[in-house]
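Undergrad: Here is the input, now give the coordinates:
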Amino acid sequence: MTARFAETGLQELTIAALYDERQPAGPFTITTAGYEANFEDQFDVQVYVRFVDGTDLEAARGQLEEILEAYPNGELQDQAEFRESLESQINQLLALVFVLLALAVIIALIGIANSITLSVYERTREIGLVRAVGMTRRQVRSSVRWESVIVALLGTALGLVVAVFFGWALVQALRDEGFEVFQVPFGQLAVIVVVAGLAGVLAAVGPARRAAKLDVLRAVTTE
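TA: Now for the predicted structure:
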């Protein structure tokens with residue numbers, strides 16, 4: 001095939017192999033000799049070493065580490081370590097996502113607290129009437145808390161559905177890049193649901209206390 005290089009123009013190359021997965025070689029790869037002949041600026045990002053059968057891996061690793069002493073930025077990794085480094089990058093991204101999730105929860109707490117406070121204010125007369133017919137302060141606080149928890153869980157359920165769908169869509173879009181397995185972390189999602197319920201209880205502390213302290217006579221006469 002004919003390939004065009006920026007430095008040397010059109011060059012005839014021979015196709016030696018075809019591969020489906022682009023990682024880690026990228027969309028194409030050429031020999032070291034071809035690279036040196038057609039690129040002026042040369043910089044090795046990754047160098048792969050393949051041992052012959054019967055090689056003492058510990059001794060070979062020691063020799064490679066001696067070579068890397070001349071390259072302070074170089075890092076020697078076997079296949080397992082290379083895989084762990086990729087997983088570490090993904091975990092860092094997930095950590096950032098959880099930080100953003102925590103910020104979203106804080107904002108949601110403020111929103112739920114404001115909504116429940118307005119709800120208590122708008123239903124002052126209703127709260128006074130139910131108190132007048134026998135509802136206790138504890139029951140008022142409980143009802144307000146449950147309302148807050150229901151709001152929090154509804155928002156969480158909607159968010160989880162959207163998140164799972166877009167997660168599945170992202171895996172489908174990146175299938176050619178090696179992301180082939182879509183797995184729902186049910187354990188983490190269950191923890192998020194529990195935290196959302198507790199957040200709803202926390203957001204309702206102020207409004208529930210205010211509702212329980214309403215004067216019954218003044219609440220009943222409120223327009």
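Undergrad: Identify the residues contacting residue 114.
TA: Counting by CB atoms under 8 Å, 6 or more residues apart in numbering, residue 114 touches no other residue. Glycine gets a C-beta too; all of them are placed from N, C-alpha and C.
Undergrad: what about it, helix or strand, and which?
TA: helix 79-122 (DSSP states H and E).
Undergrad: Also residue 147?
TA: helix 137-173.
Undergrad: now that helix: mean pLDDT?
TA: Mean per-residue pLDDT for helix 137-173: 90.
Undergrad: That helix: how far from the chain's middle?
TA: Distance of helix 137-173 from the chain centroid (CA atoms, centre = their mean, to the nearest Å) equals 18 Å.
Undergrad: list the buried ones in that helix?
TA: Buried residues in helix 137-173, counted by 16 or more other CB atoms under 10 Å: 140, 141, 143, 144, 145, 147, 148, 149, 151, 152, 155, 156.
Undergrad: any idea how far the third one is from residue 194?
TA: The one in question is residue 143. 21 Å (CB to CB, to the nearest Å).
Undergrad: same deal with the last one?
TA: When distances are taken as CB to CB, residue 156 and residue 194 turn out to be 10 Å apart.
Undergrad: Kindly report the same for the fifth one.
TA: Distance of residue 145 to residue 194, given as CB to CB: 15 Å.
Undergrad: for the second one, same thing?
TA: Relative to residue 194, residue 141 is positioned 21 Å away (criterion: CB to CB).
Undergrad: what's the burial count for residue 131?
TA: For residue 131, the neighbour count with other CB atoms under 10 Å is 21.
Undergrad: how deep is the nearest residue to it once chain neighbours are set aside tucked in, by neighbour count?
TA: Leaving aside its sequence neighbours, residue 131 sits nearest to residue 216 (CB to CB, 6 or more residues apart in numbering; 4.7 Å). Burial measure for residue 216: 14 neighbouring residues, criterion other CB under 10 Å.
Undergrad: what's next to stretch 72-84, contact-wise?
TA: 61, 64, 65, 68, 85.
Undergrad: closest to residue 107 among those?
TA: Closest approach to residue 107 among these (CB to CB): residue 85, at 34.0 Å.
Undergrad: List the contacts of the closest one.
TA: Counting by CB under 8 Å, 6+ apart, residue 85 touches residue 77.
Undergrad: The same query, at a cut-off of 10 Å, please.
TA: By CB atoms under 10 Å, 6 or more residues apart in numbering, the contact set of residue 85 is 75, 77.
Undergrad: Show me this structure divided up by domain.
TA: Domain segmentation of the chain under automatic domain parsing yields 2-68, 83-220.
Undergrad: of all these, which gets the most neighbours per residue?
TA: domain 83-220 (a mean of 14; mean count of other CB atoms under 10 Å).
Undergrad: Show me where the protein dips below the pLDDT cut-off.
TA: Applying pLDDT under 70 to the chain flags residues 23-24, 178, 223.
Undergrad: Mind doing that once more with 50?
TA: By pLDDT under 50, the chain contains no weakly predicted segment.
Undergrad: Correct me if wrong, but residue 11 is in a strand.
TA: Yes: looking at residue 11 with DSSP: H, G, I helix; E, B strand; the rest coil, it is inside a strand.
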